[in-house]
Every structure is written in C-alpha cells, then in structure tokens.
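# Here you go, sequence then predicted model.
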Amino acid sequence: MKLILYFLAVIHGYILPDLPKTLPPLGSTAREYTFNITRSYANPAGFYRSGFLINGQSPGPAIEGDEDEWITVTVNNFTPFAFTIHFHGILQKGTPWFDGVPGLSQYPILSGDTYTYHFQLKEQYGSAWYHSHYRGYSSDGILGPIYIRPSQLRARPYKLISDNDEDIQEIIKMERTPTNIIVDDYFKMPMDDTLLKMDQYGIDPLCIQSILVNGKGRVYCHSELELRNSTEKIIDTMGCFRDLFSNGYADLRNHMDNYALENPGFSSHCSPTFSDIFNLQIKGKKWHYINIINAGAQYTKSFSIDDHEFHVIAIDGVFVIPEKVHQIQISSGSRVTIVLETDRQMHNDTNRPFLMRFAAIRCPQYIEGLALLSYGETHYTDVYAQNGFRVQNLQGEINGGFKGIDIPSLRPFEEKTVKTGKADHTFNLFLNRSGVVEFTMFKDGAKLPASSELLQPLYFQEPEVSKYVLDSHIKHGEVVDIIMNNFRRYNHPIHLHGHTFRLISYNNKKSFKYNTMEDALLDGFSIDSRSPCFDSILVPPNGHAVIRFEANNPGIWLLHCHNLGHLIGGMGAVIYESLHDIPEIPQYLHDQAHVHNSLNTFVSGILGTNHDTSYLLLN
Ligand SMILES: [Cu+2]
C-alpha cells in the first residue's frame, strides 16, 4: 500500500522520483536554472510578431559554470506548444539522453509539463548555447548562451596576443565574465508559419526581415531602382533577389538553384523600423572577451567592427592559435570567441559609436544586422551616428587592405593530435536537395522524417536499422570518418552532437574523390596532425568536408544541417556509437508525458496537428 501511495505521489508530482545515478556525486552541488517559457507578442525588430520568451526575455539567461561542474535546468512549459531544449556544444558525457533531441533522446515537453535536464560540463570549456530542437522554435526566441569557464589547468593562448603581463592578467580576468552575443535570422512570420509556407509554396524561406543581435534589430530598406542589377533579376527593397518576370515565384523548378525567393508578396514592400539595437558599452577597460554565436536558421555571417581589429582565440569552445583579423565568417551553429583591444588613441572620434556588422553572406539577399560598440562617454546611441571606416560591404565582402579569415583555416592551440592513419569506420554522405522541400544527406535520398520528432525516443527502443541511421557497430575508442560531399549549390552548416570533431579534409571548390581516407592516404594524401577542431562545419556548394572523431562518448547522436528548413526537410542522420557502453537510461525518463504520433509528412511534422492516433500517456 505504501508503495502504491508513493507511486501515486510521484505521478502527481508531490514528491520527486528516485534521482538517476548520473546526478552529481553526493556532497557536490549542481548549478540550478529554472526556465519558465512563455508565448509572447513582441517587437524585437520593430514590428509585432508572436514568439517565445524565457523568464520574460529572449535570448534567455546565460547558463554559466566552471569546467567539470554539474548543471540542472528545469524547463516549465507555459506555452500551448511542445518543444525540447538542446544544449548545443555540450558533449553530454555520461548523460547522452539529456541531449534534448525529440524522438531521439526524449519526447517533446508538452504544454503545461515540466522537464529537468542534468548534465556535467565535463572536460570542456568555452562558448556554447542552448536552443529548442523542435521544429523552428529556436528562431522564435527559445535560445540563449552557455559559457564554461576553463579550468586552471587549461593552456591558454593569450601570450600569443600580448607579451605584456598586465595585458594577460586583464584578459584572464575578462575570461571569467565574457560578453555573449547571439545573432539570429528573424523572419516576418513565426517559424511554424514560415516552414508551412515553405511546404505549400515549395520555396525556401530565404528572405528574412532582420538580423537580431542579442534579441534586438531593425528593418533596413533599400532603394529598388538603385539595386536593379540585371535584366533578369532585381533586388527588392528588402534586399532579396527576385525574378523580374515572375515576381519571384513562377517557374520554380527551372530556377530552384539560381533564384532563392521569399514567399510571394512578403518581401516586396519594405517598411523601415527604428527600434533599439544592442549597444556594447565599454567602460575603462582595455581588453574585452566576447563570444559570438551564430544562431541563425539560415545564413553565415561576415562579422566585423568598423575601425577595429580583433584576435580570434577560440572556435566552438576550443582555443585556437590566435589570428588578428578585421573580419571572420561564422556559419550557423558556430561560436567564435574574440579578444578585442580597445584603445581610444587608435580612433579619432570615440564620442560616436562604432558599428558591429553581421552581414548575411552566401545567400540571395543583401542584409546585415547592426549593433553598437560604444566607448564610455559616447553621446550617441544610434547607427546614424556611425563612426570610422567600414571593413566590409553589405554583401560581407572585405574591403581592400583588410584581413579576413574563415573558420576552417584556424588550428587548435593545444597540441592534441588526431590519428593520421586510416579510420575504423567510414560513412559517405551526399548533401542534396532531393525534392522541393526535401533535403537529404544520403545518396539514396533517405531522410530523417519530420515526424521523427514525435516518435518514441530511440533511447527507449531496441536499436533499429533505418535508412537514416549510421550504424556499423562502432566500438569504444574506434576512429570514425564522415565524408560529406555537396554537389549542389546550397550551403549546409553541418553540426555533430556529442563530439568535437577534427576537420581532416576541406575544400570549397572540389569534392572529395575517394571512398575512404585509406584510399586517399594510398594516393599520397596526408592528414594534418593538428587538424581544426569544431562541432559545426559549413559544407560549401560543390565542395566537401571530411570529419573524423574518436568514439569516446557512447550515445545516439544526431548529425544534421543547422539550416532549420533543411533539417525539417529531412537533412539529418543518426549515429549509433558504442551502443553496448551506453549507461542505462534513468527509468523515470521513460514515464515522460507525451503524445503518440504516426504521421510521416512534412506538414504534420511542422504543425503537429491531425494526429491519427493520439492520446496522452501518463504512466
Ligand atoms: Cu542545409
């Protein structure tokens, strides 16, 4: 009887069930966060739209902790929608089921429900972020920064920035409290509507309204006549490329690769807005430590600050050999950490703010997000009081005499080497658009079904062979290569969960012509033992990326495109890693309330409505 009462109490939430073994060991504490997520109707870019807030704000509060510390995040869903939270860049060592991927590690958290994530910031540091991993809600406001302060034992690259001890001491001090800047692509309509229109018109939702910087932005308009640049193509007042003769949406199949279009009628009339923009106010200090996170659902950003150079010191939370540049290109999902030296003497007029620019690049739209860098006594807080020379144009192209860099050229600072021989497992992927709203990573067109977000999580099932599962019985310690060729004209920012990988071959013009790295090695190719170390990589059109990781984190991991339309269109693969070594999933997680769903279409995946068999499971 006591036992029955206990279970009833657990089910009804009066007492907590037995906590899983993966919680922090007794005597140590976890840093606790509570996220109350609500629906909003707000105007972050100067026009009203529905979206989401976390504790009344978007981006949500920063999750901060020290390397190896435990974190607890309790999510209270006060919205009418279901979603999950993924901790992007957190390796989830020992707790792979808290990776927040619906249909893979958990069910979506239903409206009115609560879900608690527990994980350790184990053997990792630096910039990461969290976001909804359900449909497109990350770009509707369910996102925020994560920062892990590196342990004392980590080697830092600061001596390569300055040989002055005072400078290094100040940088080390600033490392404790960096500024996080999250940049997001902001659509005119909420993501469910945007993706539904993608499905129904068969058009990529490529034309965005604004680029938000820490949740603030504006709509900037262009003069249509001024931008007309050919007889076949015009650029409208939103900066979007349109077909002159079809008003942008007829004859799509012929132009799908050439013309990227906004839904008809939605970008033709631009109305400028004059809302607040993010202002990074600098007071007194000389050195600044900044994490820049590209959370955009669509575009790579060219980042620069007018009149300033900066040191790039880490990518995806891994220190690199610093590079002093004026500009860096940041693809979707990637994080760039910079150290910025501000010296009033270098600039003529520090009463006016300098513009930080985030230009969308490799895309059919001329648009940039703007934010301000203001020195302490700045009297102006508007973009129209801008100051200094700009180092890049609206297309994100760097002006003559300035230095830019892209992420694949950066090498890790720590001399941890990658295995340079052949791999134990190789997967050959072909990034492709296989239909109007269908995207795939597989030669045979296999897709991650949109409805997989609503299915029973893979952790709760016997391992299943599906076309989108990469499974060749990877064992602990083995070396895995993933060859990704992109034969089409789209960029795909590919993100791997559960690992930082090594980029062992990359080219933005040529495909990788071998079936395995072993074939390449036999043909004279060699692997740089200090290959770049990331968790996201942009695979450019007609180019390739070959990534390698060591199977040191047993789990079921997603590899996917971070362009949200592409992901929901099917561009994902599931990796089964060392299945026999995955610790047993805590029993109470099986009991999460959820909705059963068996539909398999893009629309149902987006809307989540019209379930043919739906009922609530409460035990
Ligand atoms: Cu993609």
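Nice, thanks for sending it over.

# Could you find the closest non-adjacent residue to the residue in the stretch 1-150 of the chain positioned nearest to the ion?
With CB to the ion, the shortest gap between the stretch 1-150 of the chain and the ion falls at Gly136, namely 13.5 Å. Placement of C-beta: from N, CA and C, glycine included. The spatial neighbour of Gly136 that comes closest, neighbours along the chain excluded (CB to CB, 6 or more residues apart in numbering), is Met191 at 2.8 Å.

# next one: Leu143
His131 (4.0 Å).

# ok, now how distant is that neighbour from His222?
His131 sits 30 Å away from His222 when distances are taken as CB to CB, to the nearest Å.

# These two: which has the busier surroundings?
Using other CB atoms under 10 Å as the criterion, His131 and His222 rank with His131 on top: 27 against 17.

# contacting residues for the more buried one?
Counting by CB atoms under 8 Å, 6 or more residues apart in numbering, His131 makes contact with 85-86, 88, 138, 142-144, 295.

# Just put those residues in JSON lines and tack on pLDDT and neighbour count.
What follows is the contacts of His131, written out as JSON lines (pLDDT from 0 to 100; neighbours: other CB atoms under 10 Å):
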{"residue": "Ile85", "pLDDT": "98", "neighbour count": "28"}
{"residue": "His86", "pLDDT": "98", "neighbour count": "26"}
{"residue": "His88", "pLDDT": "98", "neighbour count": "26"}
{"residue": "Ser138", "pLDDT": "95", "neighbour count": "26"}
{"residue": "Ile142", "pLDDT": "98", "neighbour count": "28"}
{"residue": "Leu143", "pLDDT": "98", "neighbour count": "25"}
{"residue": "Gly144", "pLDDT": "98", "neighbour count": "25"}
{"residue": "Ala295", "pLDDT": "97", "neighbour count": "24"}
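
# so what's the residue nearest to Leu143 scoring on pLDDT?
Per-residue confidence (pLDDT) for His131: 98.

# same thing with Gln395?
Gln395 is assigned a pLDDT of 88 by the prediction.

# Need phi/psi at the residue of the stretch 1-150 of the chain closest to the ion.
Main-chain dihedrals, Gly136, degrees, to the nearest 10: phi -110, psi 20.

# separation between it and Val213?
When CB to CB is applied, the distance between Gly136 and Val213 equals 19 Å.

# Over to Phe52?
The gap separating Phe52 from Val213 is 18 Å, by CB to CB.

# How about Thr342?
When CB to CB is the yardstick, Thr342 and Val213 sit 18 Å from each other.

# and Ser223, what pLDDT?
In this model, Ser223 carries a pLDDT of 75.

# With neighbour numbers in mind, choose between Thr342 and Val213.
Set side by side, Thr342 and Val213 give different neighbour counts by other CB under 10 Å, the larger being at Val213 (24 against 20).

# just to revisit the earlier point, correct me if wrong: the residue of the stretch 1-150 of the chain closest to the ion contacts Thr194.
Yes - taking CB atoms under 8 Å as the definition, Gly136 is a contact partner of Thr194 at 6.8 Å.

# Let me see the contact set for Asp184.
The contact partners of Asp184, taken as CB under 8 Å, 6+ apart, are 139, 143, 211-212, 215, 295-297.

# cool, Asp406 as well?
Residues near Asp406 by CB under 8 Å, 6+ apart: 328-329.

# rerun that using 6 Å as the cut-off
With contacts defined as CB atoms under 6 Å, 6 or more residues apart in numbering, Asp406 is in contact with Gln329.

# Name the residues linked to it by a beta bridge.
Partner residues in beta bridges with Asp406, using DSSP bridges, are Gln329.

# What of Leu370?
When Leu370 is checked against DSSP bridges, its beta-bridge partners turn out to be Arg357.

# The one 5 residues further on too?
For Tyr375, the beta-bridge partners under DSSP bridges are Ile282.

# right, and it touches Asn351 too?
No - when contacts are counted by CB atoms under 6 Å, Tyr375 is not listed as touching Asn351 (7.8 Å).

# between these two, which one's more packed in?
With other CB under 10 Å as the criterion, Tyr375 and Asn351 differ in neighbour count, and Tyr375 comes out ahead with 19 against 14.

# Relative to Ser531, how far out is that one?
For Tyr375, the distance to Ser531 (CB to CB) stands at 39 Å.

# what number of residues lie near the residue of the stretch 101-250 of the chain found nearest the ion?
Using CB to the ion, the point where the stretch 101-250 of the chain gets nearest to the ion is Asp204, with a distance of 9.9 Å. The number of residues packed near Asp204 is 23, by other CB under 10 Å.

# hang on, the earlier thing: between all of the contacts of Asp184, which two are at the greatest distance?
Taking CB to CB, the two most distant members of the contacts of Asp184 are Gly215 and Ala297; they sit 15.0 Å apart.

# ok now do the residue nearest to Gly136, which residues does it touch?
Taking CB under 6 Å, 6+ apart as the definition of contact, the neighbours of Met191 are 136, 139-140.

# can we see that at 8 Å?
Contacts here follow CB under 8 Å, 6+ apart; on that basis Met191 touches 135-137, 139-140, 297, 564.

# Tabulate the residues you listed in a markdown table, adding columns for neighbour count, secondary structure and distance to Lys509.
Written out in a markdown table, the entries for the contacts of Met191 read as follows (neighbours: other CB atoms under 10 Å; DSSP: H, G, I helix; E, B strand; the rest coil; distance: CB to CB, whole Å):
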| residue | neighbour count | secondary structure | distance to Lys509 |
| --- | --- | --- | --- |
| Arg135 | 26 | coil | 34 |
| Gly136 | 23 | coil | 31 |
| Tyr137 | 25 | helix | 36 |
| Ser139 | 25 | helix | 30 |
| Asp140 | 27 | helix | 36 |
| Ala297 | 24 | coil | 26 |
| Leu564 | 24 | helix | 27 |
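
# Which per-residue confidence value corresponds to Ser472?
The model reports Ser472 with a pLDDT of 80.

# Surely it is within a strand?
Yes - residue state for Ser472 (DSSP: H, G, I helix; E, B strand; the rest coil) corresponds to a strand.

# so who does the closest residue to it other than its chain neighbours touch?
Counting by CB to CB, 6+ apart, the nearest residue to Ser472 once its immediate chain neighbours are dropped is His425, at 5.0 Å. Listed by CB under 8 Å, 6+ apart, the contact partners of His425 are 472, 474, 478-481.

# at 6 Å instead, please
Contacts were defined as CB under 6 Å, 6+ apart; by that measure His425 touches 472, 474, 480.

# So in that sheet, which strands flank the longest strand anywhere in the chain, and in what orientation?
Of all segments of type strand in the chain, defined using DSSP state E, the longest is strand 30-42. Strands adjacent to strand 30-42 in the sheet, as given by DSSP bridges, are strand 49-54 (antiparallel), strand 70-77 (parallel).

# Report the contact partners of Val383.
When contacts are counted by CB under 6 Å, 6+ apart, Val383 touches Leu370.

# need the residues of the stretch 451-600 of the chain near the ion, please.
Proximity of the stretch 451-600 of the chain to the ion (CB under 5 Å from the ion) is limited to residues 492, 561, 563, 566.

# I'd assumed Leu567 was in contact with the second one.
Right, Cys561. Yes - here Cys561 reaches Leu567: they are 5.4 Å apart, a contact under CB under 6 Å.

# more crowded one of these two?
Of the pair Cys561 and Leu567, Cys561 is the one with more neighbours under other CB under 10 Å, namely 27 against 22.

# beta partners for that one?
Beta-bridge pairing of Cys561 under DSSP bridges involves Ile494.

# what helices or strands is the helix or strand where Ile321 lies leaning on?
Element membership of Ile321, judged by DSSP states H and E, is strand 318-325. For strand 318-325, the helices and strands in contact under the criterion 3 or more CB pairs under 6 Å, 6 or more residues apart in numbering; DSSP states H and E are strand 310-315.

# Counting neighbours, which bits of the strand it packs on end up buried?
Of all the residues in strand 310-315, those buried under the rule 16 or more other CB atoms under 10 Å are 310-315.

# export that strand as PDB, just CAs?
As requested, C-alpha coordinates have been extracted for strand 310-315 and formatted as PDB (Å, rounded to 0.1, in the frame of the first residue of the first chain):
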ATOM      1  CA  PHE A 310      40.400  41.700 -33.000                       C
ATOM      2  CA  HIS A 311      42.000  38.400 -32.100                       C
ATOM      3  CA  VAL A 312      40.100  35.200 -32.800                       C
ATOM      4  CA  ILE A 313      41.100  32.900 -29.900                       C
ATOM      5  CA  ALA A 314      38.500  30.000 -29.900                       C
ATOM      6  CA  ILE A 315      36.000  28.300 -32.200                       C
END
